[in-house]
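Novice: what would the 3D arrangement of this be:
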Amino acid sequence: MAVALSPGPDDARTDGALVEATGRGDNEAFAVLVRRYVRPATLLVAQFLGVRDEAEDIVQDALLIVHRDARRFDATRPFAPWFYAIVRRLAANRRSRSLRRARLLRLWRGRVTGEPASPPAEAALNAGLDASTAARAMRTLSPMQRACFELVEIRGLSCEEVAAMHGISESTVRQHVFRARASLRSVLSDKASEGSE
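Specialist: Modelled structure (predicted):
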């Protein structure tokens, strides 16, 4: 099934109304859902797996599930948590398969084939820091702090979108972003003072 994503203004209908219309065979309604959710979902999976091509495949699979199951969706419930739960499940399954394959290769060949790369520390790079300093600073964050910080501060998503993506509250997202900023500021100021000595 191919969905033509025609450019144009976004539909004013709610997500629930769009899913209901999709369930009745309205491919234009489905195209609006795709436009609304493809970018944040791809960012979420790329962040989780570290591989953009695989992220696009997973998001496409998730959207196909939405299209297939649209008739069964309860339109009184919010769409985003349902959709992002599908995305997270598919990404977790892909990651588990990749890690199993890597373990098997290590056992059978005696060498490490590499695990999924961590996302680039683009914010620090934009601030003029070298890549290794930025990567080290980002590694000091907890996984959820890093995920929330990257999606909100670097990718420009709202706290509401990130909360739906990760299945947490908006206030928890804001806390993670705040703590990430404080931690990065501390690590980067320590690095700057080391360089000036």
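Novice: tell me where this structure has helices.
Specialist: Taking DSSP state H as the criterion, the chain carries its helices at 15-23, 27-49, 52-69, 79-109, 122-126, 131-139, 143-149, 159-166, 170-196.
Novice: and the residue most central in space within the chain, what does it touch?
Specialist: The residue lying closest to the centre of the chain (C-alpha atoms, centre = their mean) is Leu44, at 0.6 Å. Leu44 makes contact with 55, 84, 87-88, 91, 151, 165-166 under the criterion C-beta atoms under 8 Å, 6 or more residues apart in numbering. Where C-beta positions appear, they are placed from N, C-alpha and C, glycine not excepted.
Novice: the same query, at a cut-off of 7 Å, please.
Specialist: Shown in contact with Leu44 (C-beta atoms under 7 Å, 6 or more residues apart in numbering): 84, 87, 165.
Novice: redo these as JSON lines? Include neighbour count and pLDDT.
Specialist: Formatted as JSON lines, the contacts of Leu44 follow (neighbours: other C-beta atoms under 10 Å; pLDDT from 0 to 100):
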{"residue": "Tyr84", "neighbour count": "22", "pLDDT": "93"}
{"residue": "Val87", "neighbour count": "26", "pLDDT": "92"}
{"residue": "Met165", "neighbour count": "28", "pLDDT": "85"}
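Novice: if we can go back for a sec, mean pLDDT for the helices of the chain: which is lowest?
Specialist: Ranked by mean pLDDT, the helices of the chain end with helix 122-126 at the bottom, a mean of 43.
Novice: got the contacts of Leu44 as a markdown table, with distance to Leu64 columns?
Specialist: Below are those laid out as a markdown table (distance: C-beta to C-beta, whole Å):
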| residue | distance to Leu64 |
| --- | --- |
| Tyr84 | 16 |
| Val87 | 12 |
| Met165 | 19 |
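Novice: return the member of these nearest to Arg97.
Specialist: Val87 (16.0 Å; C-beta to C-beta).
Novice: isn't the closest one up against Gln47?
Specialist: No. Counting by C-beta atoms under 7 Å, Val87 does not reach Gln47; the two are 11.3 Å apart.
Novice: any residues in contact with both of these two?
Specialist: By C-beta under 7 Å, 6+ apart, no residue touches both Val87 and Gln47.
Novice: in space, what's closest to Glu20 - neighbours in sequence excluded?
Specialist: Ala75 (4.9 Å; C-beta to C-beta, 6 or more residues apart in numbering).
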